[in-house]
Structure formats: structure tokens, C-alpha cells
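In: Here's my sequence, what's the structure:
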Amino acid sequence: MPRGTDIRSEERLIPIIRANLAQKLADQGFRVKEIASALNVTPAAVTQYLNKKRGAGASDVSNVDEMVDPLVEKLTRRIRSGLGGLETVELLEAVRQVMIMNTGRSVGKIQQTHQVEPRRRESLELLRKRLRLELSAAEKYLELANRTGDDYTKLLLRMIASDSIRHGDVVSQIISWLEAGNESSFELPRHELLESMLSIEDSANEESLRKTIDVAHPVARILLEWIDTDEAKHGKMVTRILGLSKKRGS
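Out: Coordinates of the predicted model:
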């Protein structure tokens, strides 16, 4: 491994991963401006990545492709559908996973993908199948949205597609965790912050938009119902997290 490549340093790994993403997106035919927008960098930076003037050394770090390829799939969908680019948290998570897989685990854990216990192997197979289904659904909903002239219906279909993509992101991340053999430790926001967030969700749930807003368009009513359903879901999830926080503090 070259002296300049430090797999324990986020600062050194971030440009390596960005360069890898830029090259893979360029290989798929995306233009420099599209890649720059997707990676939240300047076109000049993308040119440097492609010319290997920045971020060189991916071949000297193990498991980069394993973390980058799922991101490339996400970015490809997002560029084509206009759903946004790479989020900072996604980039940092990829960096963290590469660091873990290169430095932080016992030798056996990284090599257990094909030797894991049957139940875990079955879980991975089911998750990969679900990931394919979510991505396929997202593509079909976006295609339907592009064919639809009604603005409300177009919005509804794009929202469903966006949900499928988010579901795929969650499933993809859990696959990465299982394959890398991550422990089940976790961090939670402060108890006071969770209480304040729950109060906000409770306020949003006090009045149903679907029942109180008078709008004639039937799909618009579905969209309002969607908001009501999401608010109820958010409240439930925050309550669950708050329960974990209380249990940990007891």
C-alpha cells in the first residue's frame, strides 16, 4: 500500500471514494456536470478525479468497490429521476464501512459471507431479493409518473418511487452491516431531544389534513391522507426510539 494511503483517515478515504464514484458514473455515460451535481462537487473536481489527479489509490484499499457499487446504483437512479445527489451521511457511512472492513474486525468476520450460519445466509438472500424488488418498483413508478399528465398523480407516483428508493437504501445498508459482521451497538439522540420531537409529532397529529382540508381533486385527498399516515408513523417511530432511550437509561 502506498505511503500516502491511510485507511484509518476519513480525509484520505473520502476523495478515493468520490474518485471511484466519478469514474463509475462516467463509465455509464454521464457528463461531468451531471457527475459533479450528483457528488456535490465542482466540475473541475470531477475532471481531476477522472484524470486521477485527485483521489488516486482506490486499487490499494480493499473493499472500496463493495461499498461504492451500491452507491453508484443509487446515484444512477437519482440522476435519471432528478431525486438529488449523494448525501453526506451516505458518503461518510461508506468511508466508515471501508475503514471497518480494512482495520477494525477479526480476519474471519469479513470472509464469512459464504460461511455464515444458515439463518443469516437466508436473511441476506431475502434482503437482496427485496432490494431488487424495491429498485424495480421505483423504476416503474417513475416511468408511470413521466407518462402522466395530471400534476397531482405525477407527484403521488414520484413520492411512491422515492419511498421505494429509500426502502432500498435501508435494505442495502442492512445487507452491508450483515456482510461486514457489525456488532449490534447503537447510539441514540439525547432523551430531551427525543421528547421535544415527540411533542412536535403529537401536535402534527392533532388534526387530520384529510378530514379538515376541503379539496376537490381525489388524488390530492390521497396525498393529504399520505401526510396524515406519515405523521402517525413518525410519532410511532419516535416513541419506539424514546422507549429504547428510557430502557438504556434505566
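In: mind exporting stretch 80-96 as CSV, just the C-alpha atoms?
Out: The C-alpha trace of stretch 80-96 is given here as CSV (Å, rounded to 0.1, in the frame of the first residue of the first chain):
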residue,chain,number,x,y,z
ARG,A,80,-32.1,10.0,-14.1
SER,A,81,-35.1,10.8,-12.0
GLY,A,82,-33.9,14.1,-10.6
LEU,A,83,-34.2,13.0,-7.0
GLY,A,84,-31.0,14.6,-5.8
GLY,A,85,-27.4,13.6,-5.3
LEU,A,86,-25.1,11.9,-2.8
GLU,A,87,-25.9,12.8,0.8
THR,A,88,-23.0,13.5,3.2
VAL,A,89,-24.2,10.8,5.6
GLU,A,90,-24.1,8.2,2.8
LEU,A,91,-20.5,9.2,1.8
LEU,A,92,-19.4,9.1,5.5
GLU,A,93,-21.1,5.7,6.0
ALA,A,94,-19.3,4.3,3.0
VAL,A,95,-16.0,5.6,4.4
ARG,A,96,-16.7,4.1,7.8
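In: For that stretch, give me every contacting residue.
Out: 10, 13-14, 17-18, 21, 37-40, 67-68, 71, 74-75, 77-79, 138, 142, 158, 161-162, 165, 169, 173 (C-beta atoms under 8 Å, 6 or more residues apart in numbering). Any C-beta I mention is one placed from the backbone N, CA and C, and that applies to glycine too.
In: quick one: it to chain centroid distance?
Out: 7 Å (C-alpha atoms, centre = their mean, to the nearest Å).
In: Please spell out the PyMOL selection for the buried subset of the contacts of stretch 80-96.
Out: Selection of buried members from the contacts of stretch 80-96 for PyMOL, criterion 16 or more other C-beta atoms under 10 Å:
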select buried, resi 13+14+17+18+21+37+38+39+67+68+71+74+75+77+78+79+138+142+158+161+162+165+169
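In: What about the contacts of stretch 80-96, which are in strands?
Out: Among the contacts of stretch 80-96, no member falls in strands (criterion: DSSP state E).
In: From L50, how far out is the residue nearest to the spatial centre of the chain?
Out: Nearest to the mean C-alpha position of the chain, by C-alpha atoms, centre = their mean, lies D169 at 3.9 Å. Going from D169 to L50 by C-beta to C-beta, to the nearest Å gives 26 Å.
In: again, but for E125
Out: For E125, the distance to L50 - C-beta to C-beta - is 36 Å.
In: Looking at the two, which one has more neighbours?
Out: L50 (17 against 10; other C-beta atoms under 10 Å).
In: For this protein, which segments count as helices?
Out: Under the criterion DSSP state H, helices of the chain are mapped to 10-27, 32-39, 43-50, 64-81, 88-99, 107-110, 118-147, 151-180, 191-205, 209-212, 218-249.
In: from the middle of its chain, how far away would the fifth one be?
Out: Same thing as helix 88-99. 11 Å.
In: With the third one instead?
Out: Distance of helix 43-50 from the chain centroid (C-alpha atoms, centre = their mean) equals 24 Å.
In: and that helix, what does it pack onto?
Out: Contacts defined by 3 or more C-beta pairs under 8 Å, 6 or more residues apart in numbering; DSSP states H and E place helix 43-50 against helix 10-27, helix 32-39.
In: Which of the ones you listed comes out lowest on mean pLDDT?
Out: For these, mean pLDDT drops lowest on helix 10-27, to a mean of 85.
In: Would you mind getting the angle between that helix and helix 88-99?
Out: 110 degrees (axes from the mean of the first three to the mean of the last three C-alpha atoms, to 10 degrees).
In: Next one: the nearest residue to S162 once chain neighbours are set aside, what pLDDT does it get?
Out: Spatial nearest neighbour of S162, chain neighbours left out: L83 (6.2 Å); criterion: C-beta to C-beta, 6 or more residues apart in numbering. Note on L83: pLDDT of 76.
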